[in-house]
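Novice: the following comprises the amino acid sequence and a computationally predicted model.
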Amino acid sequence: MAGFLLTAVVLPVLGVIVVARFDGLDKLSGKAGKRFAFISTVLIYLSIGPGLGIPRAASVPFEMAVSPYLPNDANRTLWMVLYSALFFLVALWLCLNPGKLVQRIGKVLTPSLLILLVLLFISFVTKGNVNVAPALDSYQSSAFLKGFTEGSDYSSPQAVRVLN
């Protein structure tokens, strides 16, 4: 957990602090030259948004919430495309009018989360047992290094089997 927190929380916060102290990414990278500043800034923005963040925003919830429940013979690519389209259409609808974002999310999300929490609590009280799954082999031998280099890999086949 310490390695994961270091790479997922501490290092990004330090990056934000450094960029803020230089008054922006363009001024920070500009120390190496104008051309480098432009190219590196474009590459950073492309990798954060379309390269990593946007695809991950749809693929992780699909792999965690939809994929385990699909039949074995299901066309996962087709389901991923359909899920992604629906996911991003809902995101677009929520963001088209930013003034109503909190109101729209609050009307649906808050009651849904409260109902799910109550159901989870009732389910645990009535049927719950305290069986904690053992750590994956790689985390048993070198947990800090694994957490530092890969973070929590909940999308691996072993983790999905453990979580289910």
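Specialist: Thanks, I have the structure now. Residues are numbered from 1 along each chain as shown.
Novice: low pLDDT regions in this protein?
Specialist: 151-164 (pLDDT under 70).
Novice: run through the helices of it in chain order.
Specialist: Using DSSP state H, the helices of the chain run over 2-5, 11-21, 25-29, 34-46, 54-61, 76-96, 101-127, 137-141, 143-150, 157-163.
Novice: show me what the longest one packs onto, helices and strands only.
Specialist: With contacts taken as 3 or more Cβ pairs under 8 Å, 6 or more residues apart in numbering; DSSP states H and E, helix 101-127 sits against helix 76-96. All C-beta spots, glycine's among them, are computed from the backbone N, C-alpha and C.
Novice: angle of the helix it packs on against helix 54-61?
Specialist: The directions of helix 76-96 and helix 54-61 differ by 120 degrees, with axes from the mean of the first three to the mean of the last three Cα atoms, to 10 degrees as the criterion.
Novice: what lies in contact with helix 76-96?
Specialist: Under the criterion Cβ atoms under 8 Å, 6 or more residues apart in numbering, residues A57, A58, S59, P61, F62, V66, S67, L70, L101, R104, I105 lie in contact with helix 76-96.
Novice: list the contacts for L101?
Specialist: Contacts were defined as Cβ under 8 Å, 6+ apart; by that measure L101 touches L94, C95.
Novice: list only buried entries from the contacts of helix 76-96.
Specialist: Applying a neighbour-count criterion of 16 or more other Cβ atoms under 10 Å, the buried members of the contacts of helix 76-96 are A58, S59, F62, V66, S67.
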